[in-house]
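# make a model of this:
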Amino acid sequence: MRNAAIFAASMLCATAVSAQVTVDVVYLRQEVEAPPVLSNLDPIPEDEGIAGAEVGLADNATTGRFMGQDWALEVVSVAPGGDFAAAAVQALGTSSLLIVDAPADALLTVADLPEAAGAILFNATAGDDRLRGTDCRANVLHALPSNAMRTDALAQFLVFRRWDETALVYGTHPDDIAYAEALRGSLEKFGLELSDEAEWAFDADMRRNASQEVPLFTQELRDHDILLIADEIHDFGRYIAYNTWEPRPVAGSEGLTAVAWAPVVEQWGAAQLQNRFEEHASRPMRPDDYGAWAAMRTIGEAVTRAGSAEAPALREYILSESFELAGFKGRPMSFRPWNGQLRQPIPLVTERAVVAMAPLEGFLHPTSELDTLGSDAPETTCTAFTE
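You can find the predicted model right below:
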């Protein structure tokens, strides 16, 4: 009997050793010089995104300790003007699993490298809709919600509140223009009216002049129920609220915002994630942190379920109907097989509270209500996942 027990124990040890999986992940970041803005109240943390990946790594390692997994994260950060492609080639030489923190064009440069053909690139920080559409790549999966997912969430709330007539003020930065375009698309998709729109091109110091300039500027807008702001670099939008000619709520980039994550998200176990993150980074979790965390946890879940750290096997499992990720948003999250986007609920928040969680009740879909947010299969212009 004793010999049988010893034999069984030795077989378990042998199985554990043979099942040992080493998972090397590279966080590849292209540093970008922040555009000048009027206010310095919102400094960008130096570890934004990276901290989210580190917390995700710790979560993976906790489970991996019992599964024979050995986790490692290397951070490669390229200074503005540096050779991002060369850094990517070097990173791909050490791992086929990259979490990429970079603007859309830089991400596409990496995706099109010959060395990236068999890799998985997790887009953690770029919300550009074109990355999920005409410029999609089969080796790129998107952990951060697209601009259209965020603006669709906001449009659903406007329909719910019957705020049918909208006006739009947008900035001149490329991110502002892209977000404004997503807003227009969502308003049309959900049957809302864009009564008027105007470009914000003031170069005056709104910290001193907002109470004079904003009423005059918004006086020209046609009648509307809510004023939408496209100011993704957070330059002027904060000065619009409470200074409009007509008393109207503000939403979009300011006021009521649709985001991947916010410190006010506390239900569905989210407070546990918030606490773990704050303990690690000594600051609240931001949307890009959540995108990086979700990317790392996707890798962790796939490695555990697929029993492999090889990119082709992981990609097949991640895009299958079997994959689910618990994202602390109240519903299991999964990836869309037509464009590689992570389906996920979108919190609609103010600075102090969660107002709603999209998709809202009543917005139905034949397979998943989460697919009412962003590009659905019949609407997609992405062909890379079907070729």
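# the strands in the protein, which residues?
21-30, 69-78, 97-101, 120-123, 140-142, 165-170, 193-199, 226-230, 250-252, 257-258, 325-326, 332-333, 346-349, 354-358 (DSSP state E).
# need the ones you listed in TSV (columns: mean pLDDT).
Shown next, in TSV, are those (pLDDT from 0 to 100):
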stretch	mean pLDDT
strand 21-30	97
strand 69-78	97
strand 97-101	98
strand 120-123	98
strand 140-142	98
strand 165-170	98
strand 193-199	97
strand 226-230	98
strand 250-252	98
strand 257-258	98
strand 325-326	98
strand 332-333	98
strand 346-349	98
strand 354-358	98
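# got the phi/psi numbers for the spatially closest residue to residue 352 that is not a sequence neighbour?
Distance criterion Cβ to Cβ, 6 or more residues apart in numbering; nearest residue to residue 352, sequence neighbours excluded, is residue 264 at 6.5 Å. Using the backbone N, CA and C atoms, a C-beta is placed for each residue, glycine as well. With angles defined as degrees, to the nearest 10, residue 264 sits at phi -80, psi -10.
# and residue 264, how many residues sit next to it?
The number of residues packed near residue 264 is 17, by other Cβ atoms under 10 Å.
# how near is residue 386 to residue 149?
Computed as Cβ to Cβ, to the nearest Å, the residue 386 to residue 149 distance reads 21 Å.
# more neighbours: these two, which one.
Set side by side, residue 386 and residue 149 show unequal neighbour counts under other Cβ under 10 Å, the larger going to residue 149 at 31 against 10.
# what's the closest non-adjacent residue to the more buried one?
Among residues not flanking residue 149 along the chain, residue 374 sits closest, at 3.8 Å (Cβ to Cβ, 6+ apart).
# isn't residue 259 up against residue 349?
Yes - with contact defined as Cβ atoms under 8 Å, residue 259 reaches residue 349; the gap is 6.2 Å.
# looking at those two now, which is surrounded by more residues?
For the pair residue 259 and residue 349, the greater number of neighbours falls to residue 349 (20 against 17), based on other Cβ under 10 Å.
# contacting residues for that one?
Residue 349 is in contact with 256-259, 262, 264-265, 355, counting by Cβ atoms under 8 Å, 6 or more residues apart in numbering.
# and residue 93, by the same measure?
If you count contacts by Cβ under 8 Å, 6+ apart, then residue 93 has residue 115 around it.
# domain map for this structure?
What automatic domain parsing lists as the domains of the chain is 2-145+262-344, 148-258.
# would you format the ones you listed as CSV with distance to residue 370 included?
Shown next, in CSV, are the domains of the chain (distance: least, Cβ to Cβ, whole Å):
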stretch, distance to residue 370
domain 2-145+262-344, 4
domain 148-258, 9
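# the residue nearest the centre of the chain: what's it in contact with?
Per Cα atoms, centre = their mean, the C-alpha nearest to the average position across the chain is that of residue 144, at 1.8 Å. Contacts for residue 144 were tallied using Cβ under 8 Å, 6+ apart; they are 123-127, 260, 287-288, 290-291, 294, 342.
# alpha carbons only: can I get the longest helix along the chain in PDB?
Longest helix in the chain, counting residues (DSSP state H): helix 287-306. Once non-C-alpha atoms are left out, helix 287-306 reads as follows in PDB (Å, rounded to 0.1, in the frame of the first residue of the first chain):
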ATOM      1  CA  PRO A 287      -9.100  53.000 -18.800                       C
ATOM      2  CA  ASP A 288      -5.700  52.100 -20.400                       C
ATOM      3  CA  ASP A 289      -4.800  50.300 -17.200                       C
ATOM      4  CA  TYR A 290      -8.000  48.200 -17.600                       C
ATOM      5  CA  GLY A 291      -7.200  47.500 -21.300                       C
ATOM      6  CA  ALA A 292      -3.700  46.200 -20.400                       C
ATOM      7  CA  TRP A 293      -5.100  44.200 -17.400                       C
ATOM      8  CA  ALA A 294      -7.800  42.600 -19.700                       C
ATOM      9  CA  ALA A 295      -5.100  41.700 -22.300                       C
ATOM     10  CA  MET A 296      -2.900  40.100 -19.700                       C
ATOM     11  CA  ARG A 297      -5.900  38.200 -18.100                       C
ATOM     12  CA  THR A 298      -7.000  37.100 -21.500                       C
ATOM     13  CA  ILE A 299      -3.600  35.500 -22.000                       C
ATOM     14  CA  GLY A 300      -3.800  33.900 -18.500                       C
ATOM     15  CA  GLU A 301      -7.300  32.500 -19.100                       C
ATOM     16  CA  ALA A 302      -6.300  31.100 -22.500                       C
ATOM     17  CA  VAL A 303      -3.100  29.500 -21.300                       C
ATOM     18  CA  THR A 304      -4.900  27.800 -18.400                       C
ATOM     19  CA  ARG A 305      -7.800  26.500 -20.600                       C
ATOM     20  CA  ALA A 306      -5.700  25.600 -23.700                       C
END
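# okay, and the beta partners of residue 98?
residue 26, residue 121 (DSSP bridges).
# burial of it, as a residue count?
Applying other Cβ under 10 Å, I find that residue 98 has 30 neighbouring residues.
# contacting residues for it?
25-28, 88, 91-92, 110, 116, 119-122.
# recalculate using a threshold of 7 Å.
Residue 98 sits next to 26, 28, 91, 119, 121-122 when contact means Cβ atoms under 7 Å, 6 or more residues apart in numbering.
# and the residues you listed, which two are the farthest apart?
91 and 122 (12.7 Å; Cβ to Cβ).
# who has more neighbours, these two?
Neighbours per residue (other Cβ under 10 Å) separate residue 91 from residue 122, with residue 122 holding more: 28 against 22.
# residue contacts, the nearest residue to that one once chain neighbours are set aside?
Closest residue in space to residue 122, ignoring its immediate chain neighbours: residue 295 at 3.6 Å, by Cβ to Cβ, 6+ apart. Residue 295 makes contact with 99, 122, 124, 143, according to Cβ under 7 Å, 6+ apart.
# could you rerun that using 8 Å?
53, 56, 99, 122-124, 141, 143.
# quick one: low-confidence residue ranges for the stretch 201-350 of the chain.
203-211 (pLDDT under 70).
# now the residue nearest to the centre of the chain: how far from residue 259?
Taking Cβ to Cβ as the measure, residue 144 falls 10 Å from residue 259.
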